[in-house]
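Novice: fold the following, please.
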Amino acid sequence: MPTRSMTLLRASLLAAILSPASVLLVSCGEIRAFSKAAEADTIPAYREYLEAYPSGSHADDVYRRVEEVFYRQMVKERTPDSFDRYLKEYPSGRHVEEATSVRRQLIYDAALKKDTPEAYRSFLRECPEGPLAWNARERLEEVTFRALAKHEDELAYSAFLQEFPAGRHAPEARAAVERLAYLEAAATDRADTYETFLARHPASRYAPSVRERLEALSPGEPRADGGLPNSGPPDGSSPDGSSPDGSSPDSGPFQGERS
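Specialist: Model prediction:
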């Protein structure tokens, strides 16, 4: 059981703690600690204050300052990873909108520098919405079509049309698909291949010539030894699709489109 002297000692200590003088002493210590941290304006300095005064009168202000210092550091680094760190640390922070916008721009700039289909697709996976996404899709179509024009592959053009059915280069791609399909049919010069062409491209610019050639061929049979007497592919072109004068089936309007 506590003695009377111990009780009196505890009471006196409590009174001393609650006395205006002791409160003033604590307040002065906190003010000095805050001033020191603010002068240094670094995260370690602010953390030192918070460790000493986690519920101090300046604690809320210090937490805000820590975020500001951290964000300034991320802006100085100016990389997608740096802004990722800020967004992870402060998902509801004061600079979330700005950090998200700058990060998106940095990723887009990197894709633009590479200027490849893979780079733009990577950007669109991360940032599928917004004005930069629209720009990225335009560039993706452009560089994809540019690559196709070097290889002239019907399947590749068809895949392009599936991805960009209403794109700027969709008319050119459709014309290329028809042209390549026609050249393939003309190279074999068989009734069945011409029929396949007409089934796929009934309104093609080549359809009238293909129908005319079908009438000249025995139904369902290939030409004997490479050709019928005085006959050849539609329009008198050679099996590779070139005309007697050496021009391609697309000399003229389409050729101008592909240049």
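
Novice: quick one: low-confidence parts of this protein?
Specialist: 1-26, 218-259 (pLDDT under 70).

Novice: let's see 50
Specialist: Low-confidence segments of the chain, defined by pLDDT under 50: 1, 5-25, 220, 223-231, 238-239, 241, 243-246, 251-259.

Novice: count the neighbours of Leu214 for me.
Specialist: For Leu214, the neighbour count with other Cβ atoms under 10 Å is 17. All C-beta spots, glycine's among them, are computed from the backbone N, C-alpha and C.

Novice: my error: substitute Ala111 in the last question.
Specialist: Neighbours of Ala111 using other Cβ under 10 Å come to 24.

Novice: go on, Ala136?
Specialist: Neighbour number of Ala136 under other Cβ under 10 Å is 23.

Novice: so what secondary structure elements neighbour the helix or strand hosting it?
Specialist: Using DSSP states H and E, Ala136 falls within helix 131-151. Other helices and strands packing on helix 131-151, by 3 or more Cβ pairs under 8 Å, 6 or more residues apart in numbering; DSSP states H and E, are helix 96-114, helix 117-126, helix 154-163, helix 170-188.

Novice: now the third one, how far from the centre of its chain.
Specialist: When you say that, I think you mean helix 154-163. Relative to its parent chain, helix 154-163 has a centroid offset of 20 Å by Cα atoms, centre = their mean, to the nearest Å.

Novice: give the buried residues for that helix.
Specialist: 156-157, 160-161 (16 or more other Cβ atoms under 10 Å).

Novice: what's the most distant pair in those?
Specialist: With distances taken as Cβ to Cβ, the most widely separated pair in the buried residues of helix 154-163 is Ala156 and Leu161, at 10.0 Å.

Novice: dump the helix holding Ala136 to PDB, restricted to CA.
Specialist: C-alpha atoms of helix 131-151 as PDB (Å, rounded to 0.1, in the frame of the first residue of the first chain):
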ATOM      1  CA  PRO A 131      -5.800  12.800 -76.200                       C
ATOM      2  CA  LEU A 132      -2.400  11.200 -76.200                       C
ATOM      3  CA  ALA A 133      -4.100   7.800 -76.700                       C
ATOM      4  CA  TRP A 134      -5.800   9.200 -79.800                       C
ATOM      5  CA  ASN A 135      -2.500  10.400 -81.100                       C
ATOM      6  CA  ALA A 136      -0.800   7.100 -80.400                       C
ATOM      7  CA  ARG A 137      -3.500   5.200 -82.400                       C
ATOM      8  CA  GLU A 138      -3.000   7.500 -85.300                       C
ATOM      9  CA  ARG A 139       0.800   7.000 -85.300                       C
ATOM     10  CA  LEU A 140       0.200   3.200 -84.800                       C
ATOM     11  CA  GLU A 141      -1.900   3.000 -87.900                       C
ATOM     12  CA  GLU A 142       0.700   5.100 -89.900                       C
ATOM     13  CA  VAL A 143       3.800   3.100 -89.000                       C
ATOM     14  CA  THR A 144       1.900  -0.200 -89.300                       C
ATOM     15  CA  PHE A 145       0.800   0.600 -92.800                       C
ATOM     16  CA  ARG A 146       4.200   2.000 -93.700                       C
ATOM     17  CA  ALA A 147       5.700  -1.400 -92.800                       C
ATOM     18  CA  LEU A 148       3.100  -3.300 -94.800                       C
ATOM     19  CA  ALA A 149       3.800  -1.400 -97.900                       C
ATOM     20  CA  LYS A 150       7.300  -2.700 -97.900                       C
ATOM     21  CA  HIS A 151       6.300  -6.400 -97.900                       C
END
